[in-house]
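Asker: Just the structure for this:
(2 chains)
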Amino acid sequence: MSFWLHPGAGDRWKHHYRHLRDERGATPLTAATLTLAWVIAWCLLPLESKRWQRLLSTHSGSFAHLQQRRPGIADPLRYGLQLVWLMLVRPRRSADTPRHERFKPVSRAREALHSWARKVAQPISGHLRPTLRNLDPVDRASSTTQNTPWLLVLMGGTTAILMLLVITQPFTLPAQALFSVLLWIMALIVRRLPGRFSTLILIVLSLTVSCRYLWWRYTSTLNWDDALDMTFGLLLLGAETYSWLVLVLGYFQTLWPLNRKPVALPEDTHEWPSVDLMIPTYNESLEVVRPTVLAALGLDWPKDKLNIYLLDDGKRSSFRDFAAEVGIGYITRNDNNHAKAGNLNHALTLTQGDYIAIFDCDHVPQRSFLQMTMGWFLKDPRLGLVQTPHHFFSPDPFERNLDRFRRMPNEGTLFYGLVQDGNDLWDAAFFCGSCAVLKRRAIEAIGGFAVETVTEDAHTSLRLHRKGFTSAYLRIPQAAGLATESVSAHIGQRIRWARGMVQIFRLDNPLFGPGLRLSQRLCYVNAMLHFLAGVPRLIFLTAPLAFLLLHAYIIYAPAFLLLAFVIPHMLHSGLTNSHVQGRYRHSFWSEVYDTVLAWYIALPTTVALINPRKGKFNVTAKGGLVDKQYFDWGISRPYLLLILLNLSGVVAAAWRLQNGPADEIPTVLVSLVWVFYNLVILGGAIAVAAEARQVRRNHRVRVTLPAAVQLPGGYAYPCTLQDYAEGGLGIYLPAADLVKVGDTLTLLLRRGQQEHAFTVRVVNASGERAGLELEKMSLAQHIDYIQCTFARADTWSLWRDDLPQDRPMKSMVDVICLGFEGYRRLFQHAPRGVRAPVSWLGSFIPQRPREATGSSSI
Amino acid sequence: MIVVAVQGCRGGTGASSIVAGLAQALVQAGERVLCIDLDPHNLLRLHFNHDWHDDRGWANAVNAGQAWHTHSFALGSLLHFLPYGYGDSESSAAMQSASQGDAWSRRLRELDGDTYRWVLLDMPVTAFTRRQDDSLTDMVLTVAHADPACHALLARREFHETDYLLVNRFAPSSALQNDLYTLWQAQYSDWLLPWTIHRDEAMFEALAHKQSIIAHRPDSLAAQGVRNLASWLLARHEEAA
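Answerer: Got it, this is the predicted structure:
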């Protein structure tokens, strides 16, 4: 060809080839082909003309993703696809355009709706205030309803009959749709009203809609003629009934959180009771146990009335020495029967304190723990238990792997923030194994800690309640511990809880047996039902497939009627739960958490339901280190299977849309939406299995506390303590380069009015930041250090406040993004044999360019 | 006009340094301040970069029959200071006599109430003792080290309602200082200020540079302690007003 080309062209041709080969790493064949294509393009098109040049320079940014990758033989096709794509879409606007600007009509409509709802709600809330005041407990005791029980019965009876009518009345599709819309509008107005009254109304609305839905499902959606339809239909209906039950009991449980306050102790410390503080341990390392013991030594309680015992089932000499060194009791036993419960029961026989405080060996108590909790025992002689929240200063595996630590309430927040507080109203707050105080007399009255199940804690408190003792819950974190370190350990812990709770359900069912009030029975039953969620969840994850793959009519009803029933049911329960639990749980996220656990608790709970005596106590591993990023294939295997099943459902749906009867199309579409929802949630579950790296052995607790340092030359500077751990700290100094690596400093930390000095060594320094390592401390100093950091009485309580309130729509978007993130991670960690072809196919997907910024060049 | 007397519990507690630092911290907060050195050592001026050889002050002026504020100096627009000056030994003994308290009450009353928001008096250790009806000062701040000597001296001392105790050059790494400080927190809970000024090399360096700690090393821990004192005074005065 070079014969009939311009002499200079040959050089440019070669140059282009070399550029492709050397700088962009193309193979010889690819480079030759692409060069040829390039030459042909130059031959056929007047690319040197001004207009072509301008076009090329303005639009080169639109091909950036292709120009960055290694050239491939199929590049012309990629460029072609991208070109077609460019003709179809507008470039993406730059990131600083606010989101709501882009959806202007939607957000404007939303705003209008909200302002209207506010307008309607305002006058109502004005009228409401006197009514609310009447609901005050003081008034209630003397109000008229007290004197006229028949009125209450009459009103209750009428309401019940009306309610029954509303629930059971069959509606046509338009009537049902209108009814749903009206209730929804009511809910939207009511939720703007302040106070608990609005919560109660929302709950009533949600109950109405959900009961109607379930009634309709039972009465008109089962096909009794077909065995296949019948089987799958009943399975799904069973799962839905379970969810409905949990929903109703959940409303009951969280109806009116008690929010109990601490009671002051008498002035005279001689009246304070004696307390045995017990720290059971089995195989945890001394590094984990040490801070707990040292913090316990610093508790604000008369020294002669506080005995600390280390209950070592591991029987380790290093623990014995440590206990002797710090001057606390050390208790071991000859056998290890009944694990933790047995350990505590053995210790009960050797100690005499009036009260028993229990801390898991990795829960560091705050100095104020006993003063906060003991007051209630002196006030209420029937009180057998005071429980405080379990709080964690390290992220749990969900929070870590999804990067949600302190950005969103975690799994425990709902339980310790709301559920226990709600239980407390019904005198059903239960023991959680740690961070609690129990009365010795009460424990002895029930024959010691319950040993029959693997969750001795809940069972013990159940027995206390049966014996007529009361319990209290103080929603003030008074201790903090380490969360489990890996997904598999986390799941292991939940399996134990699930199995234990189901064991109690079978062996000592709270619905039956003496001593409990109905409300207590319901609270306990709900706690146990919660752990039976595994099987129903699996049913929900596979139900649409019964139709798509097997053509079973699981819900024997027209698709539109189904939507008219199920959408209000979901919206109302979502809205009400978000209203009640918004500060403690974010919508949709719990779906992901539950899904991760579902498979693993499904089997153990079913086994325990059948044979409650199987299964033993397994210890939860904590304080470990995930030393490299990896994907836990073992954990995610069942979810991969579910994903494959759902994907096959998508394929089947496509086929049915093409080849199925036309009247089934709405049903197929509804099933398809369901399948996609399942796929998103499963994607989230998969995302959890990608273990993020955890860098330090000692968990660093992030804080912002004033502190001070004294430098070697005698200079002293104020500084900000940014994080602390068992062995070191990070500080922020007022100026750069004040310290250098290797310097020995004195760090001054305050604890109340006291100021303590610690010798530290600088291990890294950059700018204003410095990392410090603690030098060897005496025992007294070590106690002071723990008191100044982990056991501070104020740190933990501050944490909860900055968590944002739930916004359901935003949560949904987040969870959908998380679903995609899960598939991305799955792909990232996939074996090369899978990854390479998929990523090759992916490279053909055209990309939407950003709006030109004018700086792009070839 | 709020008159604050700063007095060392014994010699060498760093009271003058605190007066100088406090004055400048108040000035930084936009307050008008007058500092008067009542200590015959005449050292306060050195904290304000005053000429070593210039030993004029109120004592000279009073001896020479001039107005007492003849030799006052301005440091910026908000801060004025009046050195003790040079007096012969006989008269300086007279200056410290009990009647001086009344003399200064009279002199300060001559000032227009709006000229200065704060008057800081750097008191000598053996100053005229306060009487119940003393109208000279609004507040007496005693500066002490958490050491046995101060502990012994404080034990003999009678505290009044407007007396406060400030611990200077505190070193928490000293077990003795920590113990005494804890003891004082119990014994003098009504008077002891809830923070300390830490031992900090920057405080000594400041005088070597003839500056106050606030001007010399504003980011030091001692400067933070002095600023705390200023903020506390301001907040307390706001409350009273």
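
Asker: quick one: least confident helix or strand in chain B?
Answerer: Ranking every helix and strand in chain B by mean pLDDT, DSSP states H and E puts helix B:89-95 at the bottom, with a mean of 57.

Asker: Tell me which residues of the next helix or strand after it come out buried.
Answerer: Once helix B:89-95 ends, the next helix or strand along the chain (criterion: DSSP states H and E) is helix B:99-110. For helix B:99-110, a neighbour-count test (16 or more other CB atoms under 10 Å in any protein chain shown) marks B:100-101, B:104, B:107-108 as buried. To be clear about C-beta, it is placed using only N, CA and C from the backbone, and glycine gets the same treatment.

Asker: Looks like A:G422 contacts A:Q253 (just checking).
Answerer: Yes - the criterion here is CB atoms under 8 Å, and A:G422 meets it with A:Q253 at 4.7 Å.

Asker: show me where pLDDT drops low in chain A?
Answerer: A:1-8, A:60, A:91-104, A:125-148, A:614-631, A:692-699, A:795-802, A:849-858 (pLDDT under 70).

Asker: which bits of it sit near chain B?
Answerer: Residues of chain A lying close to chain B by CB under 8 Å from any CB of the partner chain are A:708, A:710, A:713-718, A:734-735, A:746, A:748, A:753-757, A:759.

Asker: filter these to the buried ones?
Answerer: A:708, A:710, A:715-718, A:734, A:746, A:748, A:755-757, A:759.

Asker: Show only the entries of those found in strands.
Answerer: A:708, A:710, A:716-718, A:746, A:748, A:755-757, A:759 (DSSP state E).

Asker: Quickly note the distance from the residue of chain B positioned farthest from its centre to A:Y416.
Answerer: Taking CA atoms, centre = their mean, the residue of chain B most remote from its mean C-alpha position is B:A175, at 27.9 Å. Per CB to CB, to the nearest Å, B:A175 is found 41 Å from A:Y416.

Asker: how about the strands in chain B?
Answerer: For chain B, applying DSSP E gives strands covering B:2-8, B:33-37, B:73-75, B:79-82, B:118-123, B:139-144, B:163-167.

Asker: Quick check: neighbours shared by A:G422 and A:Q253?
Answerer: Shared contacts of A:G422 and A:Q253 (CB atoms under 8 Å, 6 or more residues apart in numbering or on different chains): A:C523.

Asker: Span of stretch A:393-400 from start to end?
Answerer: 12 Å (CA to CA, to the nearest Å).

Asker: can you check stretch B:192-207 too?
Answerer: Stretch B:192-207 has its terminal residues 26 Å apart, counting by CA to CA.

Asker: quick one: is that stretch near chain A?
Answerer: Yes - counting by CB under 8 Å from any CB, contacts between stretch B:192-207 and chain A involve B:194, B:196, B:198-202.

Asker: which residues touch the closest residue in space to B:Q24 that isn't next to it in sequence?
Answerer: Once flanking residues are discounted, B:Q24 sits nearest to B:I214: 4.1 Å by CB to CB, 6 or more residues apart in numbering or on different chains. B:I214 is in contact with B:21, B:24-25, B:28, B:223, B:226-227, counting by CB under 8 Å, 6+ apart.

Asker: Which of the residues you listed are buried? Put it as a ChimeraX command.
Answerer: To isolate the buried members of these in ChimeraX, using 16+ other CB under 10 Å:
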select /B:21,24,25,223,226,227
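
Asker: Pick out whichever of the contacts of B:I214 sits closest to chain A.
Answerer: Nearest to chain A, judged by CB to the nearest CB, of those is B:A223 at 8.7 Å.

Asker: Quick check: closest non-adjacent residue to the closest one.
Answerer: B:A223 sits nearest to B:I213 (CB to CB, 6+ apart), 4.9 Å away.

Asker: thought that neighbour was touching B:A222?
Answerer: Yes - with contact defined as CB under 8 Å, B:I213 reaches B:A222; the gap is 5.3 Å.

Asker: what touches both of the two?
Answerer: The contact lists of B:I213 and B:A222 share B:21, B:202-203, where a contact means CB under 8 Å, 6+ apart.

Asker: mind listing which of the residues you listed are in helices?
Answerer: B:21, B:202-203 (DSSP state H).

Asker: Specify which member of those residues is nearest to A:M777.
Answerer: Closest approach between those and A:M777, by CB to CB: B:A202, at 27.6 Å.

Asker: quick one: contacts for residue 72?
Answerer: No chain in the question, so chain A it is. Neighbours of A:G72 in contact, by CB under 8 Å, 6+ apart: A:26, A:30, A:78, A:843.

Asker: try chain B instead
Answerer: Neighbouring residues of B:S72 by CB under 8 Å, 6+ apart: B:34, B:58, B:80-82.

Asker: Near chain A, which residues of chain B are found?
Answerer: B:170-173, B:178, B:182, B:185, B:194, B:196, B:198-202, B:217, B:219-222, B:224.

Asker: Check the offset of the top helix by length along chain B from the chain's centre.
Answerer: Within chain B, and with DSSP H defining each element, the longest helix by residue count is helix B:221-240. On the basis of CA atoms, centre = their mean, to the nearest Å, helix B:221-240 is displaced by 14 Å from the centre of the chain it belongs to.

Asker: Whichever of the residues of chain B next to chain A end up buried, select them in PyMOL.
Answerer: Buried residues among those (16+ other CB under 10 Å), as a PyMOL selection:
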select buried, chain B and resi 170+171+172+173+178+196+198+199+200+201+202+217+220+221+222+224
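
Asker: Sitting in helices, which of the residues of chain B next to chain A do you find?
Answerer: Judged by DSSP H, helices contain the following of these: B:178, B:182, B:185, B:201-202, B:221-222, B:224.

Asker: With pLDDT and distance to A:R700 as new columns, can those residues be given to me in a markdown table?
Answerer: Listed next are those as a markdown table, based on pLDDT from 0 to 100; distance: CB to CB, whole Å:
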| residue | pLDDT | distance to A:R700 |
| --- | --- | --- |
| B:N178 | 92 | 28 |
| B:T182 | 92 | 31 |
| B:Q185 | 93 | 32 |
| B:E201 | 93 | 31 |
| B:A202 | 93 | 31 |
| B:L221 | 94 | 25 |
| B:A222 | 95 | 30 |
| B:Q224 | 94 | 26 |
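
Asker: Nearest to A:G727, out of those: which one, please.
Answerer: Among those, and counting by CB to CB, the member closest to A:G727 is B:N178, at 23.9 Å.

Asker: Now do the same contact list for the closest one.
Answerer: A:754-755, B:146, B:172.

Asker: just B:L141 next, same as before
Answerer: Neighbouring residues of B:L141 by CB under 8 Å, 6+ apart: B:4-7, B:18, B:163-166.

Asker: what's the answer for A:L679, then?
Answerer: For A:L679, counting by CB under 8 Å, 6+ apart, the contacting residues are A:643, A:646-647, A:650, A:819.

Asker: Apply 7 Å and report the result again.
Answerer: Residues counted as contacts of A:L679 (CB atoms under 7 Å, 6 or more residues apart in numbering or on different chains) are A:643, A:646, A:819.

Asker: Excluding sequence neighbours, find me the nearest residue to the first one.
Answerer: The shortest distance from A:I643 to any residue other than its chain neighbours is 5.1 Å, reached at A:L682 (CB to CB, 6+ apart).

Asker: Now do the SS call for the one you found.
Answerer: Three-state call for A:L682 (DSSP: H, G, I helix; E, B strand; the rest coil): helix.

Asker: What's the local residue count around it?
Answerer: If you count neighbours by other CB atoms under 10 Å in any protein chain shown, A:L682 ends up with 27.

Asker: before we move on, which element is A:S471 in?
Answerer: strand A:470-473.
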